[in-house]
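# 3D, please:
(2 chains)
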Amino acid sequence: MSRKFVYYGAGKSGGLDPDAEAFLTATGITDPTITSAIDTLVKDLKSNSLWSKFRYIYPFVGGTATTNKYNLKDPRDLDVAFRLTFFGGITHTVGFNPNGTNGYANTFCAAASNVTYNSEHLYITSNTNNTPTSSNPADTGTLNSVNQTSLLGISTATNSEQFASRMNQAVISVLNANRIGSYCATKNGSTNLRLFKDSLLVANGTSVGSLPTFYNLIGTLGRSQSGTNTNHFTNQNYTFATYGDGLSDTDVANLTSIEQAFNTTLGR
Amino acid sequence: MIVAKLTQQQADELKGKEYTKDSVFNPIQDANDNWVISLEEVEQCDIKWVKELPLIEFEPKIYDDLI
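Numbering: from 1, shown residues only, chains lettered A, B, ... in the order given. Model prediction:
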């Protein structure tokens, strides 16, 4: 039995993966630590057969709106490439930190036209445990109606201590007293909605419904094609976010391991 | 939280306009229907009249819809 070795070192600029190189060129990032971390991130996602499952990957590196806006999967400065547009009050120092009052990012990516029903995931990493300032915060996703939605919140419910997802109808939730962590909500070929925190399965249940047509937002919940309601804004600092096809439990474990290694390399 | 208060006309003028590179003003209405923007937007923009806006305590609008 032969083994197939995949070599990523054939690109320019010292053997960078071409997709990593394209992202770094678009952002203008030259910092060697970030360069190495992005290159490793891309190679690890590819070697674990995860790369093709994403519509967008936001690594939130570089410390400015300009560097944070680019989609690692398609780093063109276009809405159709799911390049973020930032609205309202945001700090970009160590990731993407909306202010909880009016700050958010629009991905321009709608579930109905980019994934298939029952094969979908939302993933987001928070490195803060801030008490929410809004009444009904949602960290990412969109909601056409309660039967047509894809959302993930890590500070939901009246006590703001629930990790919850509604994908695409029923709410599945679990107590979440500390908001620091890597969160994933996914349906992988069935109506079973599975919630993971730091790669551990923490809740699951049946959810039917349908895919929303509004754009996914980050830092709040899309409530129309062009905006949100003010009670959904969040104030956590995000260091990573992805969206795409459904993930298996093994995929979630691998993605979490790769993402956490990436953020550890960057010291955050 | 402190925010800057706008008139309807000022809010209309800022909507869709960049306050700094790759960041867009987002005027919203508070619980009293005042138009407001955040201090981050005020501090990072270079529009003189924005920097002279009156400051008020933010009172978020409450909706009864649930996630």
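# may I have the secondary structure class of the most centrally placed residue in chain B?
The centre of chain B sits closest to B:Ile37, judged by CA atoms, centre = their mean, with a distance of 1.3 Å. When classified by DSSP: H, G, I helix; E, B strand; the rest coil, B:Ile37 comes out as strand.
# burial of B:Asp33, as a residue count?
The local packing of B:Asp33 (other CB atoms under 10 Å in any protein chain shown) involves 8 other residues. C-beta: built from backbone N, CA, C; applies to glycine.
# please report phi then psi for it.
Note on B:Asp33: backbone dihedrals following degrees, to the nearest 10 are phi 70, psi 20.
# report pLDDT for it.
B:Asp33 is assigned a pLDDT of 95 by the prediction.
# what residues does chain B have near chain A?
By CB under 8 Å from any CB of the partner chain, the residues of chain B that approach chain A are B:1, B:3, B:20-30, B:36-41, B:58, B:60-63, B:65-67.
# mind redoing it with 10 Å?
B:1-3, B:15-16, B:18-31, B:36-44, B:58, B:60-67 (CB under 10 Å from any CB of the partner chain).
# next step: those restricted to helices.
When DSSP state H defines the helices, the subset of the residues of chain B next to chain A inside them is B:Leu39, B:Glu40, B:Glu41, B:Val42, B:Glu43, B:Gln44.
# quick check, nearest of those residues to chain A?
B:Glu40 (3.4 Å; CB to the nearest CB).
# the closest one is in contact with A:Pro98, isn't it?
Yes: using CB atoms under 10 Å, B:Glu40 is in contact with A:Pro98, at 9.4 Å.
# how near is the closest residue to A:Asn188 other than its chain neighbours to A:Asn118?
The spatially closest residue to A:Asn188, leaving aside those adjacent along the chain, is A:Gly246, at 3.5 Å (CB to CB, 6 or more residues apart in numbering or on different chains). Between A:Gly246 and A:Asn118 the computed distance is 7 Å (CB to CB, to the nearest Å).
# contact partners for the nearest residue to A:Asn99 once chain neighbours are set aside?
Closest residue in space to A:Asn99, ignoring its immediate chain neighbours: A:Gly89 at 3.8 Å, by CB to CB, 6+ apart. With contact set as CB atoms under 10 Å, 6 or more residues apart in numbering or on different chains, A:Gly89 has these partners: A:97-104, A:233, A:235, B:1, B:3, B:19, B:23, B:25-26, B:37-44.
# same thing with A:Asn231?
So A:Asn231 contacts A:134-138, A:220-221, A:223, B:60-65, B:67 (CB under 10 Å, 6+ apart).
# I'd assumed it was in a helix, is it?
Yes: with three-state DSSP as the criterion, A:Asn231 is part of a helix.
# please tell me how far it sits from B:Gln9.
26 Å.
# helices of the stretch 101-250 of chain A, start to end?
Ranges of helices in the stretch 101-250 of chain A, per DSSP state H, counting those that start in this stretch, are A:249-265.
# please list the residues of it that sit near chain B.
A:101-106, A:133-138, A:141, A:143, A:146, A:149, A:151-153, A:156-158, A:162, A:164-166, A:171, A:173, A:221, A:223, A:227-233, A:235.
# okay, now A:Gly15: neighbour count?
A:Gly15, neighbours per other CB under 10 Å, totals 12.
# that one and A:Trp51, how far apart?
A:Gly15 is 18 Å from A:Trp51, by CB to CB.
# before we move on, the earlier item: strands - which of the residues of the stretch 101-250 of chain A next to chain B land there?
A:104-106, A:141, A:143, A:149, A:151-153, A:156, A:162, A:164-166, A:171, A:173, A:223, A:227-228 (DSSP state E).
# are any of those residues buried, and which?
A:104-106, A:141, A:143, A:149, A:151-153, A:156, A:162, A:164-166, A:171, A:173, A:223, A:227-228 (16 or more other CB atoms under 10 Å in any protein chain shown).
# restricted to buried residues, select the contacts of A:Gly89 in PyMOL.
Of those, the buried ones go into a single PyMOL selection, burial set by 16+ other CB under 10 Å:
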select buried, (chain A and resi 97+98+99+100+101+102+103+104+233+235) or (chain B and resi 3+19+23+25+26+37+38+39+40+41+42+44)
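# low-confidence ranges, chain A, go.
When residues are selected by pLDDT under 70, those of chain A lie in A:1-14, A:158-159.
# do that again at 80, thanks
A:1-14, A:157-159, A:226-230 (pLDDT under 80).
# with chain B instead?
B:62-67.
# please redo it, this time with the cut-off set to 70
B:64-67.
# how about it: which residue is closest to chain A?
B:Ser38 (3.0 Å).
# please name the nearest non-neighbouring residue to that residue.
B:Ser38 sits nearest to A:Gly89 (CB to CB, 6+ apart), 3.0 Å away.
# show me what the residue nearest to the spatial centre of chain A bridges to in the sheet.
Per CA atoms, centre = their mean, the C-alpha nearest to the average position across chain A is that of A:Ala241, at 2.1 Å. For A:Ala241, the beta-bridge partners under DSSP bridges are A:Tyr58, A:Ile124.
# thought A:Cys109 was touching it, still the case?
No: contact status for A:Ala241 versus A:Cys109: not in contact, 11.1 Å apart, counting by CB under 10 Å.
# first vs last residue of stretch A:100-111, how far apart are they?
Distance between the two ends of stretch A:100-111: 24 Å, counting by CA to CA, to the nearest Å.
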